[in-house]
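**Student:** Please work out how this folds:
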Amino acid sequence: MVDAKVAPKKMMIYDESAWANSLWVKADQKDISVAERSEAKKKLAGAIVHRIQETGECRLRCFGAHSIAKAVMASTIARGTLATYGYDLFLLPCFIDGQFDDKAMTGSGFIVVVSENEK
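**Tutor:** Model prediction:
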């Protein structure tokens with residue numbers, strides 16, 4: 001695990017380059033089963049944990065209500081996983097911009113950081 005003894009980082013200036021390696025969260029298709037939806041959330045949670053282990057933080061890009069809900073639920077699952085290692089997860093929301101089919105869109109970004117639990 002990354003030694004993350006720091007509190008959540010302050011984002012004073014929006015820096016697009018910090019979002020270059022972010023995870024893109026897509027909404028699930030409407031015709032999949034409940035088990036497949038659950039498995040998709042677990043896979044996203046695993047990706048969040050893996051990214052945090054590598055870099056100390058994870059950034060998620062979400063466009064649409066369903067992808068935002070999926071990101072929040074996956075972050076909750078990841079928080080439980082990281083708690084077993086003695087870390088607490090913080091989810092910091094922000095607005096992000098994106099370009100799709102020559103159309104500018106605003107979405108939600110989440111910065112996921114961890115800190116060590118004090119005992």
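**Student:** contacting residues around residue 25?
**Tutor:** Each residue near residue 25 by CB atoms under 8 Å, 6 or more residues apart in numbering is listed here: 44, 60, 61, 62, 67, 68, 70, 71, 74. Using the backbone N, CA and C atoms, a C-beta is placed for each residue, glycine as well.
**Student:** farthest pair in those residues?
**Tutor:** 61 and 74 (13.2 Å; CB to CB).
**Student:** Of these two, which one has the most company?
**Tutor:** The neighbour count for residue 61 versus residue 74, taken as other CB atoms under 10 Å, is higher for residue 74 (25 against 18).
**Student:** for the host helix or strand of that one, packing partners?
**Tutor:** Element membership of residue 74 [criterion: DSSP states H and E] is helix 65-83. Here helix 65-83 is seen to pack against strand 23-25, helix 34-55, strand 57-62, strand 87-100, strand 103-116 when contacts are counted using 3 or more CB pairs under 8 Å, 6 or more residues apart in numbering; DSSP states H and E.
**Student:** burial of the residue nearest to residue 97 when sequence neighbours are not counted, as a residue count?
**Tutor:** Of all residues not flanking residue 97 in the chain, residue 106 sits nearest, at 5.8 Å (CB to CB, 6 or more residues apart in numbering). Taking other CB under 10 Å as the neighbour definition, residue 106 ends up with a count of 9.
**Student:** quick one, what contacts residue 106?
**Tutor:** 95, 96, 97, 98.
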